[in-house]
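**Student:** here are the coordinates; sequence isn't available:
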């Protein structure tokens, strides 16, 4: 089902620091489905696992493709601590999948058929801003909520200057 657009201009209702994880894969050899298919299936299973337990900290995600070979997911997390906790939790899917990939690599069973990567960022409050025009909640707004643009400022410089009540208390 497609989300209906929110008409007009809106912005993300993020407060405080924002944690963003970019994680993806590159198909180096299309014929090696047994390699890259496992990586793709594992990612979908991890996302399903996280969707079942919001307390783990995944707030939202956007799946994207950069080319017919490269697929990635932009993830928004509650905190870097929750991101690390999920990655290291032995009872969750990430831990055994990562261990399997590392073992295959050590045994020389990974032959460059699929590339995997991630980048993680903690973006401090005051270092991000967003604008959406006639869009459903998407990206940062999908993860943190969507508010009318006027609540954060009409111009990018105003949205960058916005401070949450918590941050205002620290500086006030």
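**Tutor:** Thanks, I have it. All values derive from a computational prediction rather than experimental measurement. Residues are numbered from 1 along each chain as shown.
**Student:** hmm, who's touching the longest helix along the chain?
**Tutor:** Secondary structure of the chain read by DSSP state H shows that its longest helix is helix 33-52. The list of residues contacting helix 33-52 from outside it, by C-beta atoms under 8 Å, 6 or more residues apart in numbering, reads 23, 25, 27-29, 56, 58, 61, 71, 73, 86, 92-94, 97, 110-111, 113-114, 116. C-beta: built from backbone N, CA, C; applies to glycine.
**Student:** tell me the centre residue of the protein?
**Tutor:** Centroid-nearest residue in the chain: residue 75, 0.7 Å away (criterion: C-alpha atoms, centre = their mean).
**Student:** what secondary structure does the spatially closest residue to that residue that is not a sequence neighbour sit in?
**Tutor:** For residue 75, the nearest residue in space outside its immediate sequence neighbours is residue 21; the separation is 4.3 Å by C-beta to C-beta, 6 or more residues apart in numbering. State at residue 21, reduced to three classes by DSSP: H, G, I helix; E, B strand; the rest coil: strand.
**Student:** and residue 21, bridged to which residues?
**Tutor:** Applying DSSP bridges to residue 21 gives these bridge partners: residue 75, residue 120.
**Student:** ends of stretch 106-116, how far apart?
**Tutor:** Distance between the two ends of stretch 106-116: 16 Å, counting by C-alpha to C-alpha, to the nearest Å.
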